[in-house]
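Colleague: Need coordinates for the following:
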Amino acid sequence: MTTCSCDVKRQMVVSDVHAEATRNWLLRRADWRFLLPGPRPATSVCFAKGGLAQAVALICDRMFEPGQEPQSECDLAVAVNPNRATLSAAWAALRPGGAFYAEWYSPLAGGPRGVRRRLEAAGFSEIACYWPWPWTPQRPPLFWLPLEAPEALRFFLATRPRATSPWGRARNGVLQATWRLGRRARLLLPICAVARRPKALERAPESNPLDMLPEQWSAWGLGPTPERISWLLLTGGRRPINKVVGLVFGGSDSRPSLVVKRPRLPESVAALAQEAAVLRAVEADRPGGMEGVPRVIFFHDRAGQTSLGETLLTGEPLFRRLRRDNYRELGLKMTAWLADLAGRTPARPRAEWWGRLVEATLADFEQSFGPILDAERLRETRAILATLGDLPLVCEQRDCSPWNVLIAPDGKLVVLDWESAEPRGLPALDLIYFLTYTAFFLDGAMETGRYRESYHAALDPATFTGGVLAECQRRYLTLTGFDPAALRPLRLLAWIIHSHSDYKRLTAEVGGQPGPDTLRGSVFVSLWEEELSQCPN
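Modeller: This is a model prediction of the structure:
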């Protein structure tokens, strides 16, 4: 029996996808490493088997089997339900200052107090206990909740998304009741603990910025140094490139003092560096910063450790509040916010930005989606983009979506996730993206997948969403003062820019070069096609 080349390629693609999914799962199985002094230990010893052992092997340079580890040299030791002998072996294997991670699955552990007593008796210090939630064998947790920090737990429970249905409210009530009862009865399992072998009295300065938090707390303007610092770790997202976010609590403060973002993979470092640079630029342009934009507290990228510390801005995602009766109000409020971000600046010569912002973007689009792009439509696209004249250069957030825009308790807007931002970009692109996605949420396209139909309706001023879009565009033009003739080519350019993220997603899903059928699944390519089908406005 012969196998054709297409079958072989198909098997290779399936294998690549499976390998990527397995790697993603293992990286997330080891998200507890972001509670340790360093997320990338050089050497480790693992007193466990299965997925946990595979995860440990993935995050370190060398992993020893129990009994083979060098004494007092390992950076990390890992165990499941460790007894006294295992705790003693783990302590002996670690260098001074080395980290220990363990999971307890039995209520006989005695809850956080019982775990703490065991670890202290074995000689460990700097102990912290966590409850990973939700915990299932198939899906790594989304949160790591500090069991001995009541202020962090109260904050977590108080900021759960508001349920809109009776079933949702009942579910949240059961969650909170279960949490409180389970905590009192010591039935919250598993209990995951991190600890350290005590450091030597004389040691080199730490390269990990998280160890420097107590020293820098006052210098960063966070107030007096607290006696205790607690972490609540957020580990959501579907892809390994998604960052891990830590909420840092100082002492008994009921709100986090800062947010710390860290990359799971080296490929994510550039995005955090970009976010830090853009946020600093926004703050430099406006004395005291801009309302609704996080402020950078620190950015550390040294010795393989990358962390971005920011001020905490909270609120409810805009899409959860979005209704027909407040749709126009929220659209106009976001329009004013984006116009303020852009400012009223003079136009810059087209030659100054064309190659970087338009030509390079179009070339990437043609290369990525070339197999499904019609040559005539590409020529039409180039002709429409060529009508762009001189335009002001503004800060583009480039992910201005209803899930990244929060409504703060005082009703003001907060915009998060600036890692894709372009500090010297073009006007109106964020507004186009935002208004398009609010229409998707309002008319149900996010559930039905009828994105192109939704966009078609939003481009018609006679429809409800189209009327709001037209009004917001007019308001933005009035506030920023750029040429109204640029709106249509900018709408076209918006979808070409964002198609890059679609291509990256599709590539990750298939583990290689997507085929034509897969490429046709791009939302942004369909929006580009719909924009081309419209008569010029």
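
Colleague: so residue 307 sits in a strand?
Modeller: Yes - with DSSP: H, G, I helix; E, B strand; the rest coil as the criterion, residue 307 is assigned to a strand.

Colleague: I'd say it and residue 297 touch.
Modeller: No - at 10.2 Å, residue 307 does not count as touching residue 297 under the criterion of CB atoms under 8 Å. (Glycine included, C-beta is placed from N, CA and C.)

Colleague: where are the low-confidence patches of this protein?
Modeller: 1-18, 137, 162-166, 168-187, 201-210, 303, 535-537 (pLDDT under 70).

Colleague: biggest strand in it by residues?
Modeller: strand 94-104 (DSSP state E).

Colleague: For that strand, enumerate the helices and strands it packs against.
Modeller: strand 74-80, helix 84-93, helix 111-121, strand 191-196 (3 or more CB pairs under 8 Å, 6 or more residues apart in numbering; DSSP states H and E).

Colleague: Redo those as TSV? Include distance to residue 347 and mean neighbour count.
Modeller: Converted to TSV, those look like this (distance: least, CB to CB, whole Å; neighbours: other CB atoms under 10 Å):
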stretch	distance to residue 347	mean neighbour count
strand 74-80	55	25
helix 84-93	64	18
helix 111-121	61	18
strand 191-196	54	24
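
Colleague: For residue 426, which of the ones you listed is the nearest?
Modeller: strand 191-196 (46.0 Å; CB to CB).

Colleague: Partner strands of that closest one and their direction?
Modeller: Sheet pairing of strand 191-196 (DSSP bridges) gives strand 94-104 (antiparallel), strand 125-133 (antiparallel).

Colleague: Identify, out of those strands, the most deeply packed stretch.
Modeller: With neighbours taken as mean count of other CB atoms under 10 Å, the strands paired with strand 191-196 reach their highest mean count in strand 94-104, at a mean of 23.

Colleague: report the angle between the axes of it and helix 84-93?
Modeller: Per axes from the mean of the first three to the mean of the last three CA atoms, to 10 degrees, the angle that strand 94-104 makes with helix 84-93 is 150 degrees.

Colleague: Residues touching strand 94-104, excluding its own?
Modeller: 32-33, 35-38, 41, 52, 72-82, 90-91, 115, 119, 124, 189-200, 203 (CB atoms under 8 Å, 6 or more residues apart in numbering).

Colleague: Now do that strand and strand 74-80, the angle between them.
Modeller: 20 degrees.

Colleague: what about strand 94-104, distance to the chain center?
Modeller: Using CA atoms, centre = their mean, to the nearest Å, the mean C-alpha position of strand 94-104 is found 28 Å from that of the whole chain.

Colleague: how about residue 280, phi and psi?
Modeller: When read as degrees, to the nearest 10, the backbone of residue 280 gives phi -70, psi -40.

Colleague: now the helices and strands packed on strand 94-104 in JSON lines, with distance to residue 452?
Modeller: Converted to JSON lines, the helices and strands packed on strand 94-104 look like this (distance: least, CB to CB, whole Å):
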{"stretch": "strand 74-80", "distance to residue 452": "49"}
{"stretch": "helix 84-93", "distance to residue 452": "57"}
{"stretch": "helix 111-121", "distance to residue 452": "52"}
{"stretch": "strand 191-196", "distance to residue 452": "46"}
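
Colleague: Quick check: which of these is nearest to residue 319?
Modeller: strand 191-196 (32.3 Å).

Colleague: Quick one: name whatever helix or strand follows the closest one.
Modeller: Proceeding N to C from strand 191-196, the next assigned helix or strand is helix 213-216, under DSSP states H and E.

Colleague: what distance separates that following helix from the centre of its chain?
Modeller: 25 Å.

Colleague: quick one: contacts of that helix?
Modeller: By CB under 8 Å, 6+ apart, helix 213-216 touches 209, 225, 226, 229, 248, 298.

Colleague: Which residues belonging to it are considered buried?
Modeller: Using 16 or more other CB atoms under 10 Å as the test for burial, helix 213-216 gives residue 213.

Colleague: on contacts alone, who are the packing partners of the helix or strand following it?
Modeller: Scanning forward in sequence from helix 213-216 by DSSP H and E, the next helix or strand is strand 229-234. Counting contacts by 3+ CB pairs under 8 Å, 6+ apart, strand 229-234 is packed against strand 125-133, strand 143-146, helix 150-158, strand 244-250.

Colleague: re the thing from before, need the contacts of helix 213-216 in TSV (columns: distance to residue 157).
Modeller: As requested, the contacts of helix 213-216 are exported to TSV (distance: CB to CB, whole Å):
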residue	distance to residue 157
209	29
225	27
226	21
229	20
248	18
298	29
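
Colleague: hmm, back to that, please produce JSON lines containing the strands paired with strand 191-196, extended by distance to residue 259.
Modeller: As requested, the strands paired with strand 191-196 are exported to JSON lines (distance: least, CB to CB, whole Å):
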{"stretch": "strand 94-104", "distance to residue 259": "23"}
{"stretch": "strand 125-133", "distance to residue 259": "18"}
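
Colleague: Go through the ones you listed and name the closest to residue 487.
Modeller: strand 125-133 (45.9 Å).

Colleague: what distance separates the closest one from the centre of its chain?
Modeller: 23 Å.

Colleague: still on that earlier bit, between helix 111-121 and the longest strand of the chain, find me the angle.
Modeller: Using the same axes, to 10 degrees: strand 94-104 against helix 111-121 is 150 degrees.

Colleague: Pull strand 94-104 out as PDB, backbone CA atoms only.
Modeller: This file holds the C-alpha atoms of strand 94-104, laid out as PDB (Å, rounded to 0.1, in the frame of the first residue of the first chain):
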ATOM      1  CA  LEU A  94      18.700  22.500  46.900                       C
ATOM      2  CA  ARG A  95      21.400  25.200  46.900                       C
ATOM      3  CA  PRO A  96      20.900  28.000  49.500                       C
ATOM      4  CA  GLY A  97      18.100  30.100  48.200                       C
ATOM      5  CA  GLY A  98      16.800  27.300  46.000                       C
ATOM      6  CA  ALA A  99      13.100  26.900  45.500                       C
ATOM      7  CA  PHE A 100      10.700  24.100  46.400                       C
ATOM      8  CA  TYR A 101       7.300  23.400  44.900                       C
ATOM      9  CA  ALA A 102       4.900  20.800  46.100                       C
ATOM     10  CA  GLU A 103       1.200  19.700  45.700                       C
ATOM     11  CA  TRP A 104      -0.900  18.100  48.400                       C
END
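
Colleague: Use 654 as the first number from now on
Modeller: Understood, numbering begins at 654; the last thing we discussed is strand 747-757.

Colleague: Can you tell me how far residue 1174 is from residue 869?
Modeller: Separation of residue 1174 from residue 869 (CB to CB, to the nearest Å) stands at 46 Å.

Colleague: Residue 1060 now?
Modeller: Residue 1060 is 32 Å from residue 869, by CB to CB.

Colleague: sorry, back to before: so which of the strands paired with strand 844-849 is nearest residue 1013?
Modeller: strand 778-786 (42.7 Å).

Colleague: What are the contacting residues of the closest one?
Modeller: 685, 688, 765, 768-769, 772-773, 793-801, 841, 843-851, 883-884, 886.

Colleague: what's the neighbour count on the closest residue to residue 1136 other than its chain neighbours?
Modeller: Nearest residue to residue 1136, sequence neighbours excluded (CB to CB, 6 or more residues apart in numbering): residue 1042, at 6.2 Å. Neighbour count for residue 1042, taken as other CB atoms under 10 Å: 13.

Colleague: Also residue 813?
Modeller: 10.

Colleague: secondary structure class for it?
Modeller: Classified using three-state DSSP, residue 813 is coil.

Colleague: Residue 912 sits in which helix or strand?
Modeller: strand 911-915.

Colleague: do the same with residue 1119
Modeller: helix 1117-1133.

Colleague: Between helix 1117-1133 and the next helix or strand after that helix, find me the angle.
Modeller: Note on helix 1117-1133: by DSSP H and E, the next helix or strand toward the C-terminus is helix 1140-1163. Angle of helix 1140-1163 versus helix 1117-1133, following the same axes, to 10 degrees, is 120 degrees.
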